Structures are given as C-alpha cells and as structure tokens.
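A.B. asks: Model the structure of this input:
(2 chains)
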Amino acid sequence: MDRHIRWLLVSPAVLIVVALTIFPLAFSLWVTFVRYDFTLGPEHPWVGLDNFVENWKDPVWRASLWRTAWFSVSMVAIELVLGTLLALAMLRPFRARRVLMTLFVIPLFISPVVVGGFFDLFVRRPYGVANQLASWVWPGTVTIDFSNDSPWLYLVLITADVWQWTPFMFIIILAGLSAIPDTLYEAADLDGAKPRQSFFFVTLPLVLPVVLIAVTFRLIDSAKLFDIIFSLTRGGPGTDTYTTSYYLYQQGFEFFHLGQGTAGAWMFMIILTVISYWLVRRLLKPTEEAA
Amino acid sequence: MTGVAGRSRPQAGGASRVVGRGRFRIGGVVRFVFIGIYVGFLLLPLYWMAVTSIKSQDDQLADPPVWFPGEPTTTNFADALNRFNGWKGLENSLVVAVFTTVLAVALGTAAAYSMARFRTGGKHLAFWFLSQRLLPPIAVIIPVFLLYSRYSEEWFGFVLIDTRIGLILLYTVFALPFTVWMMYAYFRQMPAELEEAALVDGCSRLQALTKIAWPLAAPGVVSAAAFAFIFSWTEFLFAQVLGRDEAVTAPVALAGMITFFQGNLYGQASALTVVSLVPALLLGILVQKHLVRGLTLGAVKG
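C.D. replies: Take a look at the predicted model:
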C-alpha cells in the first residue's frame, strides 16, 4: 500500500515541473552552442564554446560576478541577523504583537521592481527625502547624490533589499522557533540548563534546518538580483551596479546576443549549484538527527 | 485516531502552564528598543509611499520635500485604477496568486511528505526540486515565451500566452521548490510515532497525512502558502513577458508607471501599491494567527 502511495504523492509535483521545464531547458541548452543573435538574421550556425568564451573575455562579466557575490553575502547576512533578532524579540506574546506582525510582513507583498522604484523616489535629489533626513542627524546641510555616488549607491541597494527581505527570514525563523515543543525546554530546565544553554543545545539545533533553508533560498534569489537594479539604477552609473543577472538581461534583451546571455546563465547556474549543494548537504543526509 | 488526539490533549493543557520557562529570549528593554527601531525603518518608506499617493504632481516634485500635502487628493487612486490597468491588474494578480498557492501547497506538501517519510527519490529528488530555482530567468524566458506563444498551440492546440492559466502553471513550478523544501524540513523534524499510532488504530496513510501530519505541520504549511502567494503576487519579469494585455498583473501595471516610457507616475504608482497591500494585511493577520497557534501545537508533539 505504502509503496504505491509514496509515488502517487510525489508524481503530480514532479510531472508539472517536468512538463513545463523540459522544452525551455532543452531549447536554452541548444542556444548556448549556436549563434542566436536577433541582429544577425535567422540562421543559427553552431559555434561550439564561443558563447562561453565571450563572457569570460568581458571584464564587465567578471566584475559583475564579484559584485553579485559581495552583494548577496552582505544582504543575506544582514537579513539573517535582523530576522533572527526580530524573531527572538517577537516570540513571547505582548500587547501590540498582533498589529506588529501584520506590519512586518507588508514589504514582502510589494513587488521588488516597485520597491526599487520607491527607494529611487526616496533618495533622488532634490525632491527625495533622504538628504533631509540625513541633515537632521548630521551637522550642516547634507547633499549626497544617493543615486550616483559610489558608496551611497550600494548602501541604498542593500538597504532596499534588506527592507524587503528581512521579513522573509523573520517569518521562517519565527515559525521554526514556534514549532519547538515546550516539553524539550522543560526537560532542559529539569536538567538544570540555563537559558543560554537551552538556546545553544535545544533551540539552535532544532531551528538550524529551517534557517539553512531560508538562507539558501535567499542566497539563490539575491544572487539573481535583478528587479531592484532594473528600477533603481539601471546598472549605472556606467556599469557600476551590474549584477550578473542584469548583465545577462542586457546581453539577451538589449544587445540581443541571446546565445551569449544564455551561456552566461548556465555558467552562473553551475556556480550557484555548487554553492547551494554545499549549503544544503547536511539537510540532504538520509540519517535523521535525534530530535 | 481520535484516541491519539484525546490522549495528548490534557498533556498540552498541562504544558502550556509552564510555557517557555527555560526559553532563551532577548530580554526586557533591549527587546522593545530593537522592535521600535525596526518599526521606524519599516514605516518610513511605507509612509512616504502612502503620502505620495495623496499628493498632487506639484507636491511630489517639491523641494524641500513635502511631508504632508496641504491639499490631499484622491485623483491618483482613480487614475491608477481606471486609466492604467489598475483593477485589471489587481484582479488578475489575485486570481493567479490564489490558484498558484492552492496548487503549490497541495502538490508540494504531498511530495514533501512522501520524501520525508518514505525517503522517496532520496537526496537526488530533493536537490532536483531545489535546482529548479538555480537557473537565472534569462536562460528560460525566451523558450518559455516560444512555448507559450507558438508551440503550445502547434503541439497541444491551446494558447498559453497572455492567459491566467499560463501564469498559474508557470508560477506553480517556480513556487514548488520552496514549498517542497519547507514542508520537507517540517515533516522530517516531526516524530513519526504519532502517525504510526494512528496507522495501528486503523487510519489509512492518506488520513494520517491529512488528520495528523498536516495539522501538526500547520506553521510550516502557513509559511509555505504565504510565500507561494507572495511570490506570485510580486513576480515581475515573467509576467512582463508572458502577460502583457489580457493577463496583465499588478506588478506589470505598476512597473509601467515608474520605469518605462511613462516615466514618473509616482502618485498613481503609490496609489495602486497602497490598494495592492489590502491582501497583505489580510494575509498578515492570517499568518500571525497560525503562528501563534503553532506555539500551542508544539506542545502536542512531546
């Protein structure tokens, strides 16, 4: 009985994914090895690995990889720390908790492309409010060009992402914390564990799998950072805020080098695969840790 | 089955009296100062957006910035909803998001349960689901467009481009990795003994899933559902390419106001964003209710 049901339960999910992705994946694999260029006519001659080489020869591509790496690591790190602290702070009920919970999830419901647009409105001179706010805490009149000057621009992008995605970490970690049975804490209590010890020996091990999943998905998504760049900086000034996804988008949709753009996407996927496999390898182990 | 629940109920009541004695938390004043600062950080952009939605064009571009308009206006709302595809976008987004959520949670929970309890497919299947999320959209967006606009008609006789069903199917595929993994983690953590007891008591596997495992994993189900909804509610790139006219979604309508040719229709964009937050508030209430319930449900497991 179980033998049939296990496959019955898995197959709808697998089937819908396969049905919708098999053609796009096959097509995009083929495209990486041909010249598929909307500006160069309808023929698609085989070019071997040229599309891959083109990317590596482009310094903008290499710079975009490093930028993407430090962008996503710093964004996710800040979100993780803020989200964890917030979840711990919100765990015990208090009066305004209900209202705050509702408030905290709001940023998640705004499309990233819109968040980028509003942060642009927020910082753009002269009618954006960021400089006025800065003038209140900093002596003198502050006139920073947040949308063009070097460290500030990155700060705005990271802040926008943190603003949007900290709630994601918060909800997942809070759900993880809530799911820990109280009996475990009682047992730890009886054994004479101090709160700090029960945090490290009860809370952390039980919450870690969920946190790892949250971090993995955030890392993958922030590594594909596109929407905020698209509406906030358009990659500028120059190519200073090109993330890999934005670079690939530009190759494919503005220069119409679809072959090169897709080849870059596959290389990027391989890098992401290695990193995320390393991150979740513990979760993939078949042995259950004793809970 | 009822026997199991009946036996554990008094235990749950007993446990709730001593809830969290040994729990580590951020204490007293620090806790509320931290929450306060975060609320400020959160509210500032939200306030700016809300106030922009009732500003006239002059007030939006004023220097120094106007913190509250002398003459608030509602024209932005009427404009955004009627002239710039606002209603249509919201309606499409809602339909697409609701159906995607139901599909992704139903399929994802079933798959995750099987993977966690019977180790179906082992780690390969689990990682295969995750890998669906790894490829940057640029690699598949053109082929998906071709599939939807041309080949779906040639091969199967129906058009998927610019339809809600097309978006729902695609979003379900995108939402599934997260749903599966979220539920996989929950089911793996949950002791199998309760379900085994139910099976001994004469439950079928399916009943064990729907009556025991599912309610116990409620906090996980709620977060998984919330994120499936959020994903489809906010997705932009694919909606932009696949749903331009009939199936235009709210993010596409919004992005049209602030990024492309129309330039800076920030008043209208703010107004539409404010309206689009209504589901956020409803869902926020739902989420926190279930998270709180998760607190007491945790006691049943022991």
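
A.B. asks: Can you list the buried residues in the longest helix along chain A?
C.D. replies: Longest helix of chain A, by residue count under DSSP state H: helix A:59-90. Residues of helix A:59-90 classed as buried by neighbour count (16 or more other Cβ atoms under 10 Å in any protein chain shown): A:61, A:64-65, A:67-68, A:71-72, A:75-76, A:78-80, A:82-90. (Glycine included, C-beta is placed from N, CA and C.)

A.B. asks: among the residues you listed, which are within reach of chain B?
C.D. replies: Subset of those in contact with chain B: A:L82, A:L85, A:L86, A:L88, A:A89, A:M90, counting by Cβ under 8 Å from any Cβ of the partner chain.

A.B. asks: CSV please, covering these and showing pLDDT.
C.D. replies: CSV is the format used below for those (pLDDT from 0 to 100):
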residue, pLDDT
A:L82, 95
A:L85, 91
A:L86, 92
A:L88, 87
A:A89, 88
A:M90, 86
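
A.B. asks: Could I get the residues you listed in JSON lines, plus columns for distance to B:T74?
C.D. replies: Rendered in JSON lines, the data for these read as follows (distance: Cβ to Cβ, whole Å):
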{"residue": "A:L82", "distance to B:T74": "36"}
{"residue": "A:L85", "distance to B:T74": "39"}
{"residue": "A:L86", "distance to B:T74": "35"}
{"residue": "A:L88", "distance to B:T74": "42"}
{"residue": "A:A89", "distance to B:T74": "38"}
{"residue": "A:M90", "distance to B:T74": "35"}
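
A.B. asks: Name the nearest of those relative to A:T143.
C.D. replies: Taking Cβ to Cβ as the measure, A:T143 sits nearest to A:L82 out of those, at 29.2 Å.

A.B. asks: Tell me, how many residues neighbour the closest residue to the closest one other than its chain neighbours?
C.D. replies: Distances taken as Cβ to Cβ, 6 or more residues apart in numbering or on different chains place A:T166 nearest to A:L82, at 4.7 Å, with adjacent residues excluded. Neighbourhood size, A:T166 [other Cβ atoms under 10 Å in any protein chain shown]: 25.

A.B. asks: For B:Y148, which three-state class applies?
C.D. replies: helix (DSSP: H, G, I helix; E, B strand; the rest coil).

A.B. asks: Now do it against chain A, distance only.
C.D. replies: Remark: distance between B:Y148 and chain A (Cβ to the nearest Cβ, to the nearest Å) = 10 Å.

A.B. asks: Does the residue nearest to A:L82 touch A:A77 like I think?
C.D. replies: No: in this structure, A:T166 is not within contact of A:A77 by Cβ atoms under 8 Å, at 11.5 Å.

A.B. asks: Check which helices and strands the longest helix of chain A is in contact with.
C.D. replies: Here helix A:59-90 touches helix A:97-105, helix A:150-178, helix A:204-223, helix A:244-249, helix A:258-284, helix B:28-52, going by 3 or more Cβ pairs under 8 Å, 6 or more residues apart in numbering or on different chains; DSSP states H and E.

A.B. asks: okay, those helices, which one's buried deepest?
C.D. replies: Burial of the helices and strands packed on helix A:59-90 is given as mean neighbour count (mean count of other Cβ atoms under 10 Å in any protein chain shown); helix A:244-249 ranks first at a mean of 26.

A.B. asks: Could I get the CA-only coordinates of it as CSV?
C.D. replies: C-alpha atoms of helix A:244-249 as CSV (Å, rounded to 0.1, in the frame of the first residue of the first chain):
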residue,chain,number,x,y,z
THR,A,244,25.3,39.1,-13.1
SER,A,245,21.6,38.8,-13.8
TYR,A,246,21.4,42.4,-15.0
TYR,A,247,24.4,41.8,-17.2
LEU,A,248,22.8,38.7,-18.7
TYR,A,249,19.5,40.5,-19.2
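
A.B. asks: Let me see the residues that make contact with it.
C.D. replies: Helix A:244-249 has contacts (Cβ atoms under 8 Å, 6 or more residues apart in numbering or on different chains) with A:60-61, A:64-65, A:68, A:223-226, A:229-230, A:235, A:239, A:261, A:264-265, A:268, B:136-139.

A.B. asks: switch to 7 Å and redo it
C.D. replies: By Cβ atoms under 7 Å, 6 or more residues apart in numbering or on different chains, the list of residues contacting helix A:244-249 from outside reads A:60-61, A:64-65, A:68, A:224-226, A:229-230, A:235, A:261, A:264-265, A:268, B:136, B:138.

A.B. asks: again with stretch B:239-246
C.D. replies: For stretch B:239-246, the external contacting residues (Cβ under 7 Å, 6+ apart) are B:I141, B:F145, B:Y148, B:I161, B:D162, B:T163, B:G166, B:L167, B:T249, B:P251, B:V252, B:A255.

A.B. asks: Pull out the buried residues from that stretch.
C.D. replies: Here stretch B:239-246 shows B:A239, B:Q240, B:V241, B:L242, B:G243 as buried, counting by 16+ other Cβ under 10 Å.

A.B. asks: cool, and stretch B:154-164?
C.D. replies: Within stretch B:154-164, the residues that count as buried by 16+ other Cβ under 10 Å are B:L160, B:I161, B:D162, B:T163, B:R164.

A.B. asks: got it, and stretch A:187-207?
C.D. replies: For stretch A:187-207, by 16+ other Cβ under 10 Å, it's A:A188, A:D189, A:A193, A:P195, A:S198, A:F199, A:V202, A:T203, A:L206, A:V207.

A.B. asks: Save those as TSV, and put in distance to chain B and pLDDT too.
C.D. replies: Below are those laid out as TSV (distance: Cβ to the nearest Cβ, whole Å; pLDDT from 0 to 100):
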residue	distance to chain B	pLDDT
A:A188	5	83
A:D189	4	81
A:A193	6	80
A:P195	4	78
A:S198	5	81
A:F199	3	80
A:V202	8	81
A:T203	6	82
A:L206	7	82
A:V207	10	84
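
A.B. asks: now, the most widely separated pair of those?
C.D. replies: Using Cβ to Cβ, the two most remote members of those are A:D189 and A:V207, lying 18.2 Å apart.

A.B. asks: just to revisit the earlier point, any chance of the helices and strands packed on helix A:59-90 in CSV, plus distance to B:P64?
C.D. replies: Below are those laid out as CSV (distance: least, Cβ to Cβ, whole Å):
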stretch, distance to B:P64
helix A:97-105, 28
helix A:150-178, 19
helix A:204-223, 34
helix A:244-249, 33
helix A:258-284, 43
helix B:28-52, 14
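
A.B. asks: just so I know, which of those lies nearest A:F119?
C.D. replies: Set against A:F119 and scored by Cβ to Cβ, the helices and strands packed on helix A:59-90 come closest in helix A:150-178, at 4.3 Å.

A.B. asks: Show me what secondary structure element comes after the strand or helix carrying B:L170.
C.D. replies: Per DSSP states H and E: B:L170 is located in helix B:164-189. As assigned by DSSP H and E, the chain's next helix or strand after helix B:164-189 is helix B:193-200.

A.B. asks: just the angle between that following helix and helix B:164-189, please?
C.D. replies: Put simply, helix B:193-200 runs at 100 degrees to helix B:164-189, going by axes from the mean of the first three to the mean of the last three Cα atoms, to 10 degrees.

A.B. asks: how about helix B:193-200, does it get close to chain A?
C.D. replies: No: judged by Cβ under 7 Å from any Cβ of the partner chain, helix B:193-200 stays clear of chain A, getting no closer than 9.5 Å.
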